[in-house]
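Q: 3D model of this:
(chains A and B, ligands or ions: 2)
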Amino acid sequence: MSYFVQLVVDGLATGSIYGALALAIVLVNRSTGMINFSQGALAVLSTFVAYAVVQAGGPLLLGLVVAVAFGVVLGAVLERLVVRRFEGGDPNTAVVATIGLLVLVSGIAGAIWSYDPRAFPSLFPNETLALGGVFVSVRSLGTTAVLVAVMVALQLLFRATKLGLAMRAVADNPGSSALSGLPVSRLLMLGWGIAAGLGAVAGVLVAPQLFISPTMLDFTLVYALAAAILGGLDSPLGAVVAGWFIGVVENLAGAYVDVIGNDLKIAVPFAAMIVVLVLRPQGLFGRRTVVRV
Amino acid sequence: MSLLELQDVTASYGQGSVLHGISLSLAEHGATGILGANGAGKTTTLRAISGTVRTTGRILFDGRDISGLGPDRTARLGIAHVPEGRGTLPQLSVRENLLVGAYQRRDRKQIATDVDYCLDLFPQLQQRIASHAAALSGGEQQMLAVARAFMAKPRLMLLDEASLGLAPSTARHVYEAVRRLRRETGLSMLVVEQNAVLAFSVVEHVTVLETGRVTVEGRTDELMGMDSVRRAYLGG
Ligand SMILES: Nc1ncnc2c1ncn2[C@@H]1O[C@H](COP(=O)(O)OP(=O)(O)OP(=O)(O)O)[C@@H](O)[C@H]1O
Ligand SMILES: [Mg+2]
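A: Ligands and ions are numbered 1, 2, ... in the order given. Reported below is the predicted structural model:
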């Protein structure tokens, strides 16, 4: 029994990481209507900025702050200079453009810091608590707490603020939003900026565990995309819960179903995703879209 | 001084121009109808004013040249464009659509009063207040589009074929509300319509466009008396 609980707790811990990146994906989707495949790469580049601050002798917390600021600016600038050209056009082209960004940004990180994984300090002490026979790392608790705080903040932003409403309006129909005086261009930049800042937080949280390298988040991004879609693509709560769900299912299946083992583990979340989407096409928490022509 | 004045305005979507030197003026609190056949340039004229098409010539709003300003800028100056084909935000609820309309305003209390006013103007929207705009009927969407534009507390409303695709009774209903809006708020309007009877119910001046040029203009009662206009736009 305690082995099972341990697997669930570990699954929730990894799921928190998927959820964090999924939140960034949801944010971009909510504010610009796109899916950004370069979300992971932007997060890694920002995390390297935190790494550089630490290398230069700065405290990690300062590194985090600088990384988030860097992420916000990077996201906003990329939206303005690159993504803008593809918005309002063919969505497939836009997706390919973000994949191009993924390759470019990873390449830049690789050129500067090489592809060798490096150790990265943790914001939280590397300790483990024993709670009734189950071991929980302080790191996982910290990561989960940060994730939940960010999720609540995003939910509030979208649901309870004028800025959030404006961002959703622009994602829905930029041309129509402009007619109500919304500063469409700035809102689009802001959406990408906040998302990339959020990605920087996710990167700094996982880097101690994964070791920092340009490809650090490649697998995480795949899971995060699955979580974002499973959660309904427009729901912060959905992204986080789906992240946890995927983390737990992956861990349990890997441990209990012999044929799956470690190699096939990665396929599990997708099998789960397909099953859920067949049953509930709008995702776990997505609102059913009514299309009327 | 007139609220809006177009002087020799041309507009193009890339290749050749589709407006060839349009001039018109609208007095504060006035309402002018723009009539014309399909493709005459009615929509483009409204788009020139709100800044969603490239133009030359002068467009004066309240004495200030607004040509070249984008739609968000003209909206902030007090021009509310209800575009052809309904301008709603489909994924947002009816209430959220109205609040987006009020985006530039800071007077929270008055915004709440104006939401109530819109719901009084269009009681159907009251029952759908929490629905996605996408789930509304065509008529309800048109009502929402007008209401959303009103929420900006504009000085000028540009209304583009609000009757398009609606059942005649629904279209009349929308225009009754627009007339009431004018009467109660003194809002200035440019009203583009295929259905001249509906347009005439709201406006006191009319401009007729033909292939990007103004061919006839005058007071509604004068135009009613002109055979050519009666035949073309009022069914004899
Ligand atoms: N987006 C566009 N790109 C290119 N040409 C356009 C575009 N929109 C309109 N036009 C052209 O501009 C001219 C004027 O069109 P406009 O839409 O202003 O006419 P309209 O009077 O509103 O017609 P309708 O009654 O059919 O709405 C037409 O010849 C049309 O083909
Ligand atoms: Mg038109």
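
Q: can I get stretch B:203-211 in CSV, CA atoms only?
A: Output of stretch B:203-211 as CSV, limited to C-alpha atoms (Å, rounded to 0.1, in the frame of the first residue of the first chain):
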residue,chain,number,x,y,z
VAL,B,203,-31.5,58.9,-40.3
GLU,B,204,-32.4,62.4,-41.6
HIS,B,205,-29.7,62.6,-44.3
VAL,B,206,-28.8,60.2,-47.0
THR,B,207,-25.8,59.7,-49.2
VAL,B,208,-26.0,57.4,-52.2
LEU,B,209,-22.8,55.7,-53.4
GLU,B,210,-22.2,54.2,-56.8
THR,B,211,-18.9,52.4,-57.6
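
Q: what does the stretch 1-150 of chain A put close to chain B?
A: On the criterion C-beta under 8 Å from any C-beta of the partner chain, chain B has no neighbours in the stretch 1-150 of chain A. Heads up, the C-betas are built off the backbone N, CA and C, glycines and all.

Q: look up the pLDDT of residue A:116 for me, please.
A: Residue A:116 is assigned 94 on the pLDDT scale.

Q: how about chain A: which residue is closest to chain B?
A: Per C-beta to the nearest C-beta, residue A:181 is where chain A lies closest to chain B, at 3.6 Å.

Q: mind listing what the residue nearest to that residue when sequence neighbours are not counted touches?
A: Spatial nearest neighbour of residue A:181, excluding adjacent residues (C-beta to C-beta, 6 or more residues apart in numbering or on different chains): residue B:75 at 3.6 Å. Contacts for residue B:75 (C-beta atoms under 8 Å, 6 or more residues apart in numbering or on different chains) come out as A:178-181, B:50, B:81, B:104, B:152, B:154.

Q: distance of the closest residue to residue B:83 other than its chain neighbours from ligand 1?
A: Leaving aside its chain neighbours, residue B:83 sits nearest to residue B:160 (5.6 Å; criterion: C-beta to C-beta, 6+ apart). The gap separating residue B:160 from ligand 1 is 7 Å, by C-beta to the nearest ligand atom, to the nearest Å.

Q: check contacts around residue B:160.
A: Per C-beta under 8 Å, 6+ apart, neighbours of residue B:160: B:42-43, B:46, B:81-84, B:192.

Q: roughly how far does it sit from residue A:127?
A: Counting by C-beta to C-beta, to the nearest Å, the gap from residue B:160 to residue A:127 is 66 Å.

Q: helix or strand right after the longest helix along chain B?
A: Counting by DSSP state H, the longest helix found in chain B is helix B:168-185. Next in sequence after helix B:168-185, counting helices and strands by DSSP states H and E, comes strand B:188-192.

Q: isn't residue A:195 up against residue A:22?
A: No. Assessed by C-beta atoms under 8 Å, residue A:195 is found out of contact with residue A:22, at 11.0 Å.

Q: these two: who's more crowded?
A: Using other C-beta atoms under 10 Å in any protein chain shown as the criterion, residue A:195 and residue A:22 rank with residue A:22 on top: 35 against 31.

Q: so the more buried one sits in a strand?
A: No. Per DSSP: H, G, I helix; E, B strand; the rest coil, residue A:22 lies outside any strand segment and is helix.
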